[in-house]
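Trainee: Pasted the sequence and its predicted model underneath.
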Amino acid sequence: MLIEIKGVQFVNKGAELMLYAILEQFKIHLPDAEVCLAHNVNSPYSKRAAIGAFQKVNLRKNVFDFSFLFSFLPIKTRHYFKHRFGIVTELDVDVVLDASGFSYGDQWSDVVLQQVANEVTRFKKANKKYIFMPQSLGPFTRNKNKRYAHQAFSNASLVFAREKPSLEHIKQFDSENTNLFMAPDFTNLVCPLADGKFLKYKNHLIVIPNSKMLSSKNKDIDWKTNYVEVIKTLIEKALSLGEQVVILNHSGKDDAPLCKAIQNELSVPCDIVEPVTAIEVKAVIGNAKAVVSSRFHGCVSALSQGVPCIATGWSHKYLELFKEYNSEHLLLDSKSSNTLLFELLNAVLNPEPQWLESLNYNATDYKKQTQDMWGKVIATIKSN
């Protein structure tokens, strides 16, 4: 059985962590499964080859999709390319696990949904499985987006919305869809231990910037003018309280300039740490005293390990995540006063025992929900 994991970007530690979470489950439930990854600029060949993945070739550009041309290749030829060169096509794939994250909705191009809608339809006609892993979905208000979303999600084998708004966005197309479920971010089952290289940052305040806070994707324009100042204010206050602080570059080259810019603004510079793998990133976060994160998976990695976290967000998925962990009061907006910043900083550095207990309870509960989600996925994959 050949399974394509879709949406992997090795430059994005959140997407990379999703990949590791999936591979971890394959070792347990589908040890004989083979994996393929499609080529793209953010998933270079060397990274794909390192995990033993076959290389999937796409014949797709914008609205043009010529994947059907592979059907003219004899099966023996396709097998030759697979076993001699490690190259596979859509025809060789039995199951797609779509872990694209927040990629389907009005904030993105209609072409993205058009491509996936056509792919899902082809898989259904071929009696193959296409599964949307837990992710934020929608809204879908543009006519084309509505049409393609309906086509994609109604033909999928399983659709997992990550939170209630996403669930409602899909229900508008088919409220009786029996293949639609809600499940939390599934990276919560990955619980690595920090090695010696990063143990020196144990019990630090970890600060995780996000360049998207300053991009056009963020509709709150106030963040574009005061984001660096807010992060600087939180760090300076923590340092004045005698806390140890480190800036964590969660996403490599995208966030590196911003991390450096924040460091340069500080009266007492703190370290910038750049773990190589997503597993190392989550391990560093798990050992933190508290976290200030603008990266979604930085927030997930903190909350799912029972680490108090303040967040600045640029989409609805942040609010819904923090609601799940009874932590919505720790989500900053662009107009938060310094007084509120200091109150929230104190709340995560000196958490109330009852709230901390509830955080750990929710972390355990959502891990169980993820295990239930995997039960549905594995059963679907194994079904005829």
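Mentor: Good, I have the coordinates.

Trainee: Going by C-alpha atoms from here, please, whenever you check contacts or count neighbours.
Mentor: Fine.

Trainee: and Val246, what element?
Mentor: Following DSSP states H and E, one finds Val246 within strand 245-248.

Trainee: and what of Gly375?
Mentor: Following DSSP H and E, one finds Gly375 within helix 353-382.

Trainee: What residues of that helix count as buried?
Mentor: Buried residues in helix 353-382, defined by neighbour count with 16 or more other C-alpha atoms under 10 Å: 356, 359-360, 362-364, 366-367, 369-371, 373-374, 377, 380-381.

Trainee: what do you get for stretch 179-198?
Mentor: Neighbour counts over stretch 179-198 (16+ other C-alpha under 10 Å) mark 180-190, 194, 198 as buried.

Trainee: between the residues you listed, which is closest to Glu324?
Mentor: Among the buried residues of stretch 179-198, Pro184 lies closest to Glu324 (C-alpha to C-alpha), at 8.9 Å.

Trainee: Surely that closest one and Lys164 touch.
Mentor: No. The pair Pro184 / Lys164 is not scored as a contact, 10.5 Å apart, by C-alpha atoms under 8 Å.

Trainee: Give me the distance between Leu17 and Gln9.
Mentor: Distance, Leu17 to Gln9, using C-alpha to C-alpha, to the nearest Å: 10 Å.

Trainee: okay, those two: which has more neighbours?
Mentor: A direct count of neighbours by other C-alpha atoms under 10 Å for Leu17 and Gln9 places Leu17 higher, at 26 against 21.

Trainee: Relative to Pro269, how far out is that one?
Mentor: Distance from Leu17 to Pro269, by C-alpha to C-alpha: 29 Å.

Trainee: returning to that earlier point: taking the buried residues of helix 353-382, tell me the two that lie furthest apart.
Mentor: Longest distance between any two of those is 37.6 Å, between Leu356 and Ile381; criterion C-alpha to C-alpha.

Trainee: Contacts only, for Ala33.
Mentor: The contact partners of Ala33, by C-alpha atoms under 8 Å, 6 or more residues apart in numbering, come to Met1, Leu2, Ile3, Phe26.

Trainee: Okay, and which of these map to helices?
Mentor: The members of the contacts of Ala33 that map onto helices under DSSP state H are Phe26.

Trainee: want to throw the contacts of Ala33 into CSV with pLDDT and neighbour count?
Mentor: Output for the contacts of Ala33, formatted as CSV (pLDDT from 0 to 100; neighbours: other C-alpha atoms under 10 Å):
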residue, pLDDT, neighbour count
Met1, 95, 13
Leu2, 97, 17
Ile3, 98, 21
Phe26, 95, 16
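
Trainee: Narrow the contacts of Ala33 to those in strands?
Mentor: Counted as lying in strands by DSSP state E, out of the contacts of Ala33, are Leu2, Ile3.

Trainee: Any chance of JSON lines for the contacts of Ala33, columns distance to Thr277?
Mentor: Compiled in JSON lines, the contacts of Ala33 are given as follows (distance: C-alpha to C-alpha, whole Å):
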{"residue": "Met1", "distance to Thr277": "28"}
{"residue": "Leu2", "distance to Thr277": "25"}
{"residue": "Ile3", "distance to Thr277": "23"}
{"residue": "Phe26", "distance to Thr277": "20"}
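
Trainee: closest to Lys13 among the contacts of Ala33?
Mentor: Phe26 (19.9 Å).

Trainee: ok, that closest one - contacts?
Mentor: When contacts are counted by C-alpha under 8 Å, 6+ apart, Phe26 touches Ala33.

Trainee: how about the nearest residue to Asn12 once chain neighbours are set aside, what does it touch?
Mentor: What sits nearest to Asn12 in space, not counting adjacent residues and going by C-alpha to C-alpha, 6 or more residues apart in numbering, is Ser251, at 5.1 Å. By C-alpha under 8 Å, 6+ apart, Ser251 lies in contact with Val11, Asn12, Lys13.

Trainee: For the residues you listed, pick the one with the most neighbours.
Mentor: Highest neighbour count within these, by other C-alpha under 10 Å: Lys13, with 26 neighbours.

Trainee: hey, where'd the strands end up in the stretch 201-350 of the chain?
Mentor: Remark: strands assigned in the stretch 201-350 of the chain by DSSP state E, counting those that start in this stretch are 205-208, 245-248, 271-273, 290-293, 309-312, 331-332.

Trainee: In CSV: the ones you listed, plus distance to Ile131.
Mentor: As requested, those are arranged in CSV below (distance: least, C-alpha to C-alpha, whole Å):
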stretch, distance to Ile131
strand 205-208, 31
strand 245-248, 32
strand 271-273, 35
strand 290-293, 29
strand 309-312, 30
strand 331-332, 31
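
Trainee: Those strands into JSON lines, with extra columns for distance to Ala33, mean neighbour count and mean pLDDT?
Mentor: Output for the strands of the stretch 201-350 of the chain, formatted as JSON lines (distance: least, C-alpha to C-alpha, whole Å; neighbours: other C-alpha atoms under 10 Å; pLDDT from 0 to 100):
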{"stretch": "strand 205-208", "distance to Ala33": "35", "mean neighbour count": "28", "mean pLDDT": "98"}
{"stretch": "strand 245-248", "distance to Ala33": "35", "mean neighbour count": "24", "mean pLDDT": "98"}
{"stretch": "strand 271-273", "distance to Ala33": "35", "mean neighbour count": "17", "mean pLDDT": "96"}
{"stretch": "strand 290-293", "distance to Ala33": "35", "mean neighbour count": "28", "mean pLDDT": "98"}
{"stretch": "strand 309-312", "distance to Ala33": "37", "mean neighbour count": "27", "mean pLDDT": "95"}
{"stretch": "strand 331-332", "distance to Ala33": "40", "mean neighbour count": "20", "mean pLDDT": "93"}
